[in-house]
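1. Sequence and predicted structure are below.
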2 protein chains.
Amino acid sequence: MSLPHAILTALLERPSSGLELTRRFDMSIGYFWSATHQQIYRELGRLETQGHIRALPAEQPARGQKKAYEVLPAGRAELARWTAEAQDPKPLRDTLLLRLRAAAVVGTAGIEDDLRRHLTLHERQLAEYREIEARDFGPDRDTAQDRLRHLILRAGIDLETFWTGWLTHALEEFGRLPDASRPRGE
Amino acid sequence: MSLPHAILTALLERPSSGLELTRRFDMSIGYFWSATHQQIYRELGRLETQGHIRALPAEQPARGQKKAYEVLPAGRAELARWTAEAQDPKPLRDTLLLRLRAAAVVGTAGIEDDLRRHLTLHERQLAEYREIEARDFGPDRDTAQDRLRHLILRAGIDLETFWTGWLTHALEEFGRLPDASRPRGE
DNA sequence: CTCCATTGTGCAACTAGTTGCACAATGGAG
DNA sequence: CTCCATTGTGCAACTAGTTGCACAATGGAG
């Protein structure tokens, strides 16, 4: 039940059409809540019938025509309610760790390359976050809003730092695993 | 498509019944791939019809009766195939970060308590992982299997370290936010 | 003018995960 | 013996997310 709230947040930051939202999800909100354009359109429909958002008046809102939405007071209230609500952290589900555990049983053949690939991806993401930080968060931008957003970006940076560090360590370990002792059969 | 592979891994480590699997998911595999007992039973059924596992011979495998499964060669092969396969890291979806972003727009009221609660939960999890590390990974246990499992546990420890560190930092920031400047209205 | 790539919106079917139950076997308390 | 908590297995309905398309409008290339 988080996608509607992600959309409400994005629309409060700036009223947008479905496609604009999709782009913004790809660039910024999507760093911690990804969504496809199909999900977004579906949810926009729901939010509209619930009276949480409304289409901005426009001429001819037909298919293939930009239709921008803005948040109504009810939507803002719902977002505030949801934000303040206590929520448990959802348990981790990570395929890579699972695969490593499987590799401990069926053998590590093949997985090393993919670890390396993941490392590259995470390094790239980290670099991107660092650029954003350098660009958007100078010491001058220091309102409460800026600080909160910086905090969120920091989480992204720290997470990617964790992954790159851990993957580097993992690859070192793999290098040290004596070939003969690599798990394989029963 | 990871749950079946999580189950195959667990069953290779030790043949088990549905309930035993459920318990093991709560304790160990579940740290990075959680699943409910309903999911597990459903998947056991599928894996059995696919010929990846089979029920260990037992008298009277009726309802309410323990039924243990073991992995067949086809299942092991499938797990090895899946493990070696390249897979993209799935994009992050984190509610807490999303809520923080929402808070930057609708106000931070209420969220601070929950950050504190999350901090406690993550500290607890971290302590648990550290205990496991101290108990199960002495310098003596040093086969390739041990090293891989230790690596996985390390990921858990580092992740929880990230969260506790970041949450602590976030709460400090919140303390510094001048009440007056906390975002609220439009 | 015509075609075709691009932009924009959306439906339908599917897969994965969650929630809420149902019900059988077992063993100990009374 | 009877009841009831516990252990164990499972179905059904639902929610959330993914995949694969369809189709309308627009504008520039030819």
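-> Perfect, I can see it now. Bear in mind the structure is a predicted one, so any value in this text is a computation, not a measurement.
2. So in chain A, which helix runs the longest?
-> Assignment by DSSP state H gives helix A:144-176 as the longest helix of chain A.
3. those helices in chain A, which residues are they?
-> A:3-13, A:18-27, A:37-49, A:73-84, A:95-106, A:111-136, A:144-176.
4. Quick one: list the elements packing against the third one.
-> Contact partners of helix A:37-49 among helices and strands, from 3 or more C-beta pairs under 8 Å, 6 or more residues apart in numbering or on different chains; DSSP states H and E: helix A:3-13, helix A:18-27, strand A:53-55, strand A:68-71. The way it works is simple: take the backbone N, C-alpha and C, and place the C-beta from them, glycine included.
5. right, is it up against DNA strand C?
-> Yes: shown here: helix A:37-49 in contact with DNA strand C (C-beta under 7 Å from any atom of the strand) through A:37-38, A:41-42, A:44-45.
6. Also the shortest one?
-> Yes: for helix A:18-27, a contact with DNA strand C is found by C-beta under 7 Å from any atom of the strand, at A:18-20.
7. most surrounded residue in the residues you listed?
-> Counting neighbours by other C-beta atoms under 10 Å in any protein chain shown, the top entry in the residues of helix A:18-27 next to DNA strand C is residue A:18, with 20 neighbours.
8. And the residue nearest to that one when sequence neighbours are not counted, what's its pLDDT?
-> Distances taken as C-beta to C-beta, 6 or more residues apart in numbering or on different chains place residue A:41 nearest to residue A:18, at 5.0 Å, with adjacent residues excluded. Per-residue pLDDT puts residue A:41 at 93.
9. Let's have the helices of chain A in JSON lines, adding distance to residue B:51.
-> Output for the helices of chain A, formatted as JSON lines (distance: least, C-beta to C-beta, whole Å):
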{"stretch": "helix A:3-13", "distance to residue B:51": "38"}
{"stretch": "helix A:18-27", "distance to residue B:51": "41"}
{"stretch": "helix A:37-49", "distance to residue B:51": "35"}
{"stretch": "helix A:73-84", "distance to residue B:51": "46"}
{"stretch": "helix A:95-106", "distance to residue B:51": "17"}
{"stretch": "helix A:111-136", "distance to residue B:51": "25"}
{"stretch": "helix A:144-176", "distance to residue B:51": "32"}
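10. tell me, which of those helices is the model least confident about?
-> helix A:18-27 (a mean of 90).
11. Give me the buried stretch members for that helix, please.
-> A:18, A:20-22, A:24-25 (16 or more other C-beta atoms under 10 Å in any protein chain shown).
12. Contacts made by that helix with the rest, please.
-> Here helix A:18-27 makes contact (C-beta atoms under 8 Å, 6 or more residues apart in numbering or on different chains) with A:6-7, A:10-11, A:16, A:30, A:33-37, A:40-41, A:44, A:66-68.
13. residues touching the spatially most central residue of chain A, list them.
-> Centroid check for chain A by C-alpha atoms, centre = their mean gives residue A:32 as the closest residue, at 2.3 Å. Applying C-beta under 8 Å, 6+ apart to residue A:32 gives the contacts A:152, A:155-156, B:92-94, B:97-98, B:101.
14. quick one: residue A:21 and DNA strand D, what's the gap?
-> To DNA strand D, residue A:21 is 14 Å away according to C-beta to the nearest atom of the strand, to the nearest Å.
15. same check, this time on residue A:84
-> 18 Å.
16. Skipping adjacent residues, who's closest to that residue in space?
-> residue B:110 (2.8 Å).
17. ok, now residue A:149?
-> residue B:104 (5.8 Å).
18. quick one: that neighbour and residue A:143 touch, right?
-> No: at 9.7 Å, residue B:104 and residue A:143 do not qualify as touching, with contact defined as C-beta atoms under 8 Å.
19. neighbour count winner among the two?
-> Neighbours around residue B:104 and residue A:143, counted as other C-beta under 10 Å, are more numerous at residue B:104. The numbers are 24 against 13.
20. and the more buried one, what is it in contact with?
-> By C-beta under 8 Å, 6+ apart, the neighbours of residue B:104 are A:144-145, A:148-149, B:183.
21. Ranking by neighbours, what's the top pick from these?
-> If you count neighbours using other C-beta under 10 Å, the busiest of the contacts of residue B:104 is residue A:148, which has 24 neighbours.
22. mind checking how far that one is from residue A:135?
-> Separation of residue A:148 from residue A:135 (C-beta to C-beta, to the nearest Å): 17 Å.
23. Ok, residue A:175 next?
-> From residue A:175 to residue A:135 the distance is 37 Å (C-beta to C-beta).
24. Give the burial count for the residue nearest to residue A:84, as a bare number.
-> Around residue B:110 there are 15 residues (other C-beta under 10 Å).
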